[in-house]
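Q: sequence and predicted structure below; questions after.
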Amino acid sequence: MQFQQLQYFVAVAETRHFTRAAELVHIAQPSLSQQIKALERELGADLFLRARGNITLTDAGEALLPLARRILADADTARHEVQELVQLRRGRVRLGATPSLCTGLLPDVLRAFHDRYPGVRLLIEEGGSHDLVRELARGALDLALVVLPLPTPAPALTTVELLREDLVVVSSPEAPAPGSSGEGGRVVRVVDLEGERLVMFRHGYDLRELTVAACRSAGFEPEFAVEGGEMDAVLGFVRAGLGIAVVPRMVATRAGQGLRVTPLARPGLRRTIALAHRSDVAPPRAARELQRMLLER
């Protein structure tokens, strides 16, 4: 049973005329008649009583008509659903990002995406790069913003570098300023962090690993005042004067009042952010559009 045969059957049933039905579905009348006969042969029953000038439904035709109409209606609904997805009137994007990027980079981009495609649902998962890579590999995310280099061994992912971001030191304005003054203003060297009480992120957090590695490369083990928080908690602890923290410049800029921001002396600390997706599966249309907006921001 072919989809077009059902279309032709319903057209004849509604017009009770083979020629008018053929005009309605834009097919030659002999071809329509042949398709109706082929459908009757497949079903093993006549669908129409063909008296001169009078076309009526048989009992078999009466039974098939509501089913055929439902099938055609479902197909039309499916066509509209797919068209809405293709035209980005509906759909979803599952995006993973580190908490610092959720705070610093994503709000403006997601607002622009939502304004353009209000029918597309945005599902955001916060996590460290290790966790996000694992979620990408198992198909739970369409895209993820991760910190390079990726953890090894890593699954087959395609990555595109998005930005390189400087890290800065944030402290409470009421606490003594860290670092030292120079010609370009006050700066903090990594060695200046020795003896400072740091507010430190939880284990598995990219910023924790980067900061601890830089301190060890400078020859000392960092001292923690508080550890284990996410980005908002770390900034709150710093505002409260519990210690200082190393955070991305973008986050420090958006954090607003209540923080002193001091740059790190050259060469400083930087991190590279990339947009990643599985190499073996193309992201859905809506995810590709968000990817484009992130790369063009």
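A: Looks like it arrived, so ask away.

Q: can you give me the domain assignment for this protein?
A: 3-86, 92-163+273-296, 165-271 (automatic domain parsing).

Q: dump those into CSV; add mean neighbour count as well.
A: Backbone N, C-alpha and C define where each C-beta goes, glycine included. Converted to CSV, these look like this (neighbours: other C-beta atoms under 10 Å):
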stretch, mean neighbour count
domain 3-86, 15
domain 92-163+273-296, 17
domain 165-271, 17
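
Q: turn these into a markdown table, columns for mean pLDDT.
A: Formatted as a markdown table, the domains of the chain follow (pLDDT from 0 to 100):
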| stretch | mean pLDDT |
| --- | --- |
| domain 3-86 | 91 |
| domain 92-163+273-296 | 89 |
| domain 165-271 | 90 |
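
Q: could I get the full set of strands for the stretch 51-200 of the chain?
A: 54-57, 92-97, 121-126, 143-148, 157-171, 180-182, 185-187, 197-201 (DSSP state E, counting those that start in this stretch).

Q: other residues contacting the third one?
A: Yep, that's strand 121-126 we're talking about. 91-99, 102, 106, 110, 113-114, 132, 135, 140-141, 230 (C-beta atoms under 8 Å, 6 or more residues apart in numbering).

Q: again, 7 Å this time
A: 92, 93, 94, 95, 96, 97, 99, 102, 110, 114, 135, 141 (C-beta atoms under 7 Å, 6 or more residues apart in numbering).

Q: that one pairs with which strands, and in what direction?
A: Counting by DSSP bridges, the strands paired with strand 121-126 are strand 92-97 (parallel).

Q: using CSV, write out every CA atom in the partner strand.
A: Below are the C-alpha coordinates for strand 92-97, written out as CSV (Å, rounded to 0.1, in the frame of the first residue of the first chain):
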residue,chain,number,x,y,z
ARG,A,92,16.7,21.7,21.3
VAL,A,93,20.4,22.2,22.0
ARG,A,94,22.3,20.3,24.7
LEU,A,95,25.3,22.4,25.5
GLY,A,96,27.9,21.7,28.1
ALA,A,97,30.2,24.4,29.6
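
Q: and the contacts of that strand?
A: 106, 120-127, 132, 135, 140-145, 286-287, 290.

Q: so how far is it from its chain's centroid?
A: On the basis of C-alpha atoms, centre = their mean, to the nearest Å, strand 92-97 sits 3 Å off its chain's mean C-alpha point.

Q: what angle separates that strand from strand 143-148?
A: 10 degrees (axes from the mean of the first three to the mean of the last three C-alpha atoms, to 10 degrees).

Q: export stretch 72-86 to PDB, keeping only CA atoms.
A: Provided in PDB are the C-alpha atoms of stretch 72-86 (Å, rounded to 0.1, in the frame of the first residue of the first chain):
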ATOM      1  CA  LEU A  72      -2.700  11.400   5.600                       C
ATOM      2  CA  ALA A  73      -3.200  13.800   8.600                       C
ATOM      3  CA  ASP A  74      -0.300  12.200  10.600                       C
ATOM      4  CA  ALA A  75       1.900  12.500   7.500                       C
ATOM      5  CA  ASP A  76       1.000  16.100   7.100                       C
ATOM      6  CA  THR A  77       1.800  16.700  10.800                       C
ATOM      7  CA  ALA A  78       5.100  15.000  10.500                       C
ATOM      8  CA  ARG A  79       6.000  17.100   7.500                       C
ATOM      9  CA  HIS A  80       5.200  20.300   9.400                       C
ATOM     10  CA  GLU A  81       7.200  19.100  12.500                       C
ATOM     11  CA  VAL A  82      10.200  18.400  10.300                       C
ATOM     12  CA  GLN A  83       9.900  21.800   8.600                       C
ATOM     13  CA  GLU A  84       9.700  23.600  11.900                       C
ATOM     14  CA  LEU A  85      12.900  21.900  13.000                       C
ATOM     15  CA  VAL A  86      14.700  22.600   9.800                       C
END
